[in-house]
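Novice: sequence first, then the predicted structure:
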Amino acid sequence: MALEVTQVLLNAQSADGSVRKHAEDSLKQFQEQNAAGFLLSLAHELANNEKPPESRKLAGLVLKNSLDAKDSVRKAELSQAWISLNDDVKSQIKAALLATLSSSVIDARHTSSQVIAKVSAIELPQGQWPELIPSLLGNMGGTAVENASHLKQATLETLGYVCEEVSSNVFAQDQVNAILTAVVQGMNTSETNSDIRLAATQALCNALVFAESNFENSMERDYIMRVVCEATLSPDQRVRQAAFECLVSISSIYYEKLAPYMQDIFSITSKAVREDEEPVALQAIEFWSSICDEELEIQEECGSEFTGDSEVQYFKFIKQALPALVPLLLETLTKQEEDQDQEEDAWNLAMAGGTCLGLVARTVGDDIVPLVVPYVQDNIAKPDWRCREAATYAFGSILEGPSVEQLTPLVNHALTFMLNAMKDENNQVKDTTAWTLGRIFEFLHGPNIVVPVITSNNLPQILSVLLEKLSDAPNVAEKVCGAIYLLAQGYEETGGAPCPLSPFLQNIIQALLVTTERDDAGDSRLRASAYETLNEIVRCSTEDTASIVVQLVPVVMQKLSTTLEMQVKSADDKEKQTEVQALLCGVLQVIIQKLGSSESTKNAILQYADQIMAIFLHVFACRSATVHEEAMLAIGALAYVTGPNFAKYMQEFFQYLQMGLQNFEEYQVCAITVGVVGDLCRALDDKILPFCDGIMAQLLQNLSSNQLHRSVKPPIFSCFGDIALAIGEQFARYLPMAMPMLQGASELSAQAVGQDEEQVDYYNQLRIGILEAYSGIFQGFKSKRPDLMAHYGLHILQFLESIYADVYRDEAVTKAAAGVLGDLADTLGSSAASLLKNSTFYKGFLEECQKSDDQSLKETADWALATINRIKSEELILKDLLFIADLQEKAHGEKFHLVS
């Protein structure tokens, strides 16, 4: 097979599907039969300069994919497989990879760089491959090596990828210094080869996170900053762009070190924005957006409490640069591209400038208003559409950040003008105007606004304009949908009073339904946006318009029925059918939730329950994941409203519930189905019992599977609690299987997780799932079989103590743990009292909870502590009674003896 690998790799890229599949199967078979030989063959193929570039490139990509994966479980498996390989095989592969860096074929060098980085990510943290960095740095010295420029470029690229893959604590400081020296030398103006300079600049971007101690040293920092700033002036656009990307990273990692350089950076960035090519100018603007992000984060951390002696350094760079920065950003707004509003992923100078302007407004608040308003006034009515659109974009961009008091007079003055601008002859002006109206509704409209911008006087005109413009071009109509959505959202909390939209509700719903039927509704996400807006209209409706919402039910069901009969002749047809079905299921879910939330309207939805359920079952037959997801959510809502009566649907629905639980590939569907099991438990109570064997068997199988995404597992544990609460002591039959799973997961979540945020977050979610399971099981057994959990009490208490000791637990975990502590005491009674007598942690834990600002947590802790004190008192009383009874028995015996 090794001899044929070249041809197999070429065949794997064949245009002929059958040839391609045969080659892919051959590669898979080779890998399964001889993993070491497979990897070695790929490495030799990649390193062999006599092989075709196409086979070499694919060999490298397959090799890379054999070492890494996006899924964390698969990634760990691949890492372990590499570690388990024979050391000699690994050495040969690594030697071949390093040799490839001097290849004259750029794709081979590039792929080899990536593979080396993947190997380093596995080996360096284990203390293996110590010669890698010295070997790479050795490539940078002298010019005697053949193809030295190729080798240097590939080496710098490799160093960059390695720095991207490994964490900052892997390298000793002397290695960091050596890497930075090599990289910065490659960036220097004395380096005449642009490819080397580019690779060095990109490598620095990845290596910056390692340079903390270097940035603490002012001389080293000055040198790095000088080299980066010089690179922004390189004759090669690619180098200039990469240099600005470096500045963006520096602004994020080393904000507190930037003060001495900000004046020079402003000069460099403003020159790039005004004069350089767009990719470079975009990165120059991104630098200021990044500074805004940093300063907003500081403001969020410190609030209004910020003082000069604060530990966090806040230089207010944006406020200082404001008089020059805002005009610079305003200049960019007229550099729009034609029809940019119709391209979903469009990104250009005008859009970047407006986005940055919005961040600046959030950062400095009121100070931006006097700098932008004159620009708006000067340009809003100009004949050139670019000026009108730019002025509107500028106005919309500053609506978040400044105070309501500052903005309200401006918006009141501008609102009528904006509504008239919806009739502008230019499509982009209308698009941006509709977006700006949406921003007005989002930030200056709602129950918390003291002086409302939207009043009973101007609401009719606003709605008249918006509903008329739903028939405009798809991109404009989509923005109009967004504006109506935000307008309705501001009316969600009316405190029981009729919604101001009530008189217009029928017309709004009708206009949105017509919009969903447009032939071009598939463009610019118009159909999806119209249905999402319809959902929000239903949510904000009040009881006075419940009859209108009820009338919507048969309309939506009819539309859903129609999709089931659609002629599906192409992939596009199938995609449209799936999208429309998912959106309509979503509308039904919102209607069910809305009408089911009030006793006065619940009957209206119950009369349609049989028809709704029948159509959902037809939808499930389509077997599309997206539809499955939305229909599942809607069924969860229907179960909540119908309660125990949902039992009549279970026999037919159960097969689809099982399908959802078995859907490992589309794990979001599985996660939602797990949530629906919880909904069914709450709705059916013990009527869920006939289906529990099948549900529990599948849930336990899911927990044991390495194929299921780990994010689904915490909700599965939580689901155990829902089932136990629903069926009470009948859950005893599942304890022998469920408790070992819970105990194993408890021990896993108690492992030290360090500073890895993603892992910390996952373990916190896992703990919440476990705690919710324990809580449900305790409460389910409390009334009839509390003794069943006595055997597990000590382990649960140890789990709670490990949570108390963990500094990374979040508040949700803390609250759930306090609740379980109370449940344990409440359910186990005297057994718990004996366990708690030998434990002291719970006092400190609950005292900590009682000091929390979270009222709910305080109440939970108070209840848990009171429960523990109660059972301990009861135990003392019981002991006293037993002692007295014992004395009485002894006294009675002595009396009997004397009488005898």
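Specialist: Sure thing, it's come through.
Novice: C-alpha coordinates for stretch 178-194, PDB please?
Specialist: Output in PDB follows, covering the C-alpha atoms of stretch 178-194 (Å, rounded to 0.1, in the frame of the first residue of the first chain):
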ATOM      1  CA  ALA A 178      15.000  33.400  21.300                       C
ATOM      2  CA  ILE A 179      11.700  33.000  19.300                       C
ATOM      3  CA  LEU A 180      10.900  36.800  19.600                       C
ATOM      4  CA  THR A 181      14.500  37.700  18.500                       C
ATOM      5  CA  ALA A 182      14.200  35.500  15.400                       C
ATOM      6  CA  VAL A 183      10.700  36.800  14.600                       C
ATOM      7  CA  VAL A 184      11.500  40.500  15.100                       C
ATOM      8  CA  GLN A 185      14.700  40.200  13.100                       C
ATOM      9  CA  GLY A 186      12.600  38.700  10.300                       C
ATOM     10  CA  MET A 187      10.300  41.800  10.400                       C
ATOM     11  CA  ASN A 188      13.100  44.300  10.300                       C
ATOM     12  CA  THR A 189      13.400  46.800   7.500                       C
ATOM     13  CA  SER A 190      16.800  45.300   6.700                       C
ATOM     14  CA  GLU A 191      15.000  42.200   5.500                       C
ATOM     15  CA  THR A 192      14.400  42.600   1.800                       C
ATOM     16  CA  ASN A 193      12.400  39.400   1.200                       C
ATOM     17  CA  SER A 194       8.700  40.300   1.600                       C
END
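Novice: so how far is residue 15 from the residue nearest the centre of the chain?
Specialist: Geometric centre of the chain, nearest residue: residue 758, 10.8 Å, by C-alpha atoms, centre = their mean. Relative to residue 15, residue 758 is positioned 40 Å away (C-beta to C-beta, to the nearest Å). All C-beta spots, glycine's among them, are computed from the backbone N, C-alpha and C.
Novice: may I see the buried residues of stretch 419-431?
Specialist: Residues 419, 421-422, 424, 427-431 are the ones in stretch 419-431 that count as buried (16 or more other C-beta atoms under 10 Å).
Novice: contacting residues for residue 458?
Specialist: 415-416 (C-beta atoms under 8 Å, 6 or more residues apart in numbering).
Novice: for the buried residues of stretch 419-431, which one is nearest residue 278?
Specialist: Nearest to residue 278 among the buried residues of stretch 419-431 is residue 428, at 18.1 Å by C-beta to C-beta.
Novice: so that closest one is in which element?
Specialist: If you go by DSSP states H and E, residue 428 is part of helix 427-443.
Novice: roughly how far is that helix from the heart of the chain?
Specialist: When C-alpha coordinates are averaged (C-alpha atoms, centre = their mean, to the nearest Å), helix 427-443 and its chain have centres 27 Å apart.
Novice: which helices and strands does it pack with?
Specialist: For helix 427-443, the packing partners by 3 or more C-beta pairs under 8 Å, 6 or more residues apart in numbering; DSSP states H and E come out as helix 385-397, helix 404-421, helix 459-468, helix 474-489.
Novice: dump the C-alpha coordinates for it into CSV.
Specialist: These are the backbone C-alpha positions of helix 427-443, laid out as CSV (Å, rounded to 0.1, in the frame of the first residue of the first chain):
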residue,chain,number,x,y,z
ASN,A,427,-32.3,51.6,-1.9
GLN,A,428,-29.3,51.9,0.5
VAL,A,429,-30.6,55.1,2.0
LYS,A,430,-33.9,53.3,2.8
ASP,A,431,-32.1,50.2,4.1
THR,A,432,-30.0,52.3,6.5
THR,A,433,-33.0,54.5,7.5
ALA,A,434,-35.0,51.4,8.5
TRP,A,435,-32.0,50.1,10.5
THR,A,436,-31.8,53.5,12.2
LEU,A,437,-35.5,53.5,13.1
GLY,A,438,-35.0,50.1,14.6
ARG,A,439,-32.1,51.5,16.7
ILE,A,440,-34.4,54.3,17.9
PHE,A,441,-37.0,51.8,19.0
GLU,A,442,-34.4,49.6,20.7
PHE,A,443,-32.7,52.3,22.8
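Novice: angle of it against helix 404-421?
Specialist: Relative orientation of helix 427-443 versus helix 404-421 (axes from the mean of the first three to the mean of the last three C-alpha atoms, to 10 degrees): 150 degrees.
Novice: can I get the buried residues of stretch 419-431 in CSV with distance to residue 579 and pLDDT?
Specialist: Below are the buried residues of stretch 419-431 laid out as CSV (distance: C-beta to C-beta, whole Å; pLDDT from 0 to 100):
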residue, distance to residue 579, pLDDT
419, 32, 96
421, 32, 96
422, 28, 97
424, 31, 96
427, 25, 94
428, 27, 94
429, 30, 96
430, 26, 97
431, 23, 96
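Novice: between the residues you listed, which is nearest residue 705?
Specialist: Taking C-beta to C-beta as the measure, residue 705 lies nearest residue 431 of the buried residues of stretch 419-431, at 47.2 Å.
Novice: isn't that closest one up against residue 479?
Specialist: Yes - counting by C-beta atoms under 8 Å, residue 431 does reach residue 479; the two are 5.5 Å apart.
Novice: I'd like to know which of the buried residues of stretch 419-431 is nearest to residue 296.
Specialist: residue 431 (27.2 Å).
Novice: roughly how far apart are that closest one and residue 378?
Specialist: Distance from residue 431 to residue 378, by C-beta to C-beta: 21 Å.
Novice: low-confidence ranges in the stretch 301-450 of the chain?
Specialist: Along the stretch 301-450 of the chain, the model assigns pLDDT under 70 to residues 304-310, 340-344.
Novice: which stretches of the stretch 51-200 of the chain form helices?
Specialist: Secondary structure of the stretch 51-200 of the chain (DSSP state H, counting those that start in this stretch): helices at 53-65, 72-83, 87-100, 106-123, 132-138, 148-165, 173-187, 194-207.
Novice: so for residue 709, which of those helices sits nearest?
Specialist: For residue 709, the closest of the helices of the stretch 51-200 of the chain is helix 72-83, at 8.3 Å, according to C-beta to C-beta.
Novice: residues making contact with the closest one?
Specialist: 35, 66-69, 90, 119, 122, 126, 706, 710.
Novice: that helix: which residues count as buried?
Specialist: In helix 72-83, counting by 16+ other C-beta under 10 Å, buried: 78-79, 82.
Novice: related to what we said a few turns ago, switch the helices and strands packed on helix 427-443 over to JSON lines; also include distance to residue 827.
Specialist: Shown next, in JSON lines, are the helices and strands packed on helix 427-443 (distance: least, C-beta to C-beta, whole Å):
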{"stretch": "helix 385-397", "distance to residue 827": "57"}
{"stretch": "helix 404-421", "distance to residue 827": "51"}
{"stretch": "helix 459-468", "distance to residue 827": "55"}
{"stretch": "helix 474-489", "distance to residue 827": "43"}
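Novice: quick one: closest of these to residue 203.
Specialist: Nearest to residue 203 among the helices and strands packed on helix 427-443 is helix 385-397; the distance by C-beta to C-beta comes to 35.5 Å.
Novice: so what does the closest one touch, helix or strand wise?
Specialist: Looks like helix 385-397 contacts helix 349-364, helix 369-379, helix 404-421, helix 427-443 (3+ C-beta pairs under 8 Å, 6+ apart).
Novice: save the ones you listed as a markdown table, and put in distance to residue 99 too.
Specialist: Putting the helices and strands packed on helix 385-397 into a markdown table (distance: least, C-beta to C-beta, whole Å) gives the following:
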| stretch | distance to residue 99 |
| --- | --- |
| helix 349-364 | 43 |
| helix 369-379 | 58 |
| helix 404-421 | 64 |
| helix 427-443 | 54 |
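Novice: and of those helices, who's closest to residue 545?
Specialist: It is, among these and with distance given as C-beta to C-beta, helix 427-443, at 19.9 Å.
Novice: list the buried ones in the closest one?
Specialist: In terms of neighbour count (16+ other C-beta under 10 Å), helix 427-443 has its buried residues at 427-443.
Novice: same deal with stretch 758-765?
Specialist: 760, 762-765.
Novice: repeat that for stretch 741-758.
Specialist: Using 16+ other C-beta under 10 Å as the test for burial, stretch 741-758 gives 741-743, 745-746, 749-750, 753.
Novice: likewise for stretch 293-301?
Specialist: Applying a neighbour-count criterion of 16+ other C-beta under 10 Å, one finds 293-295, 298-299 buried in stretch 293-301.
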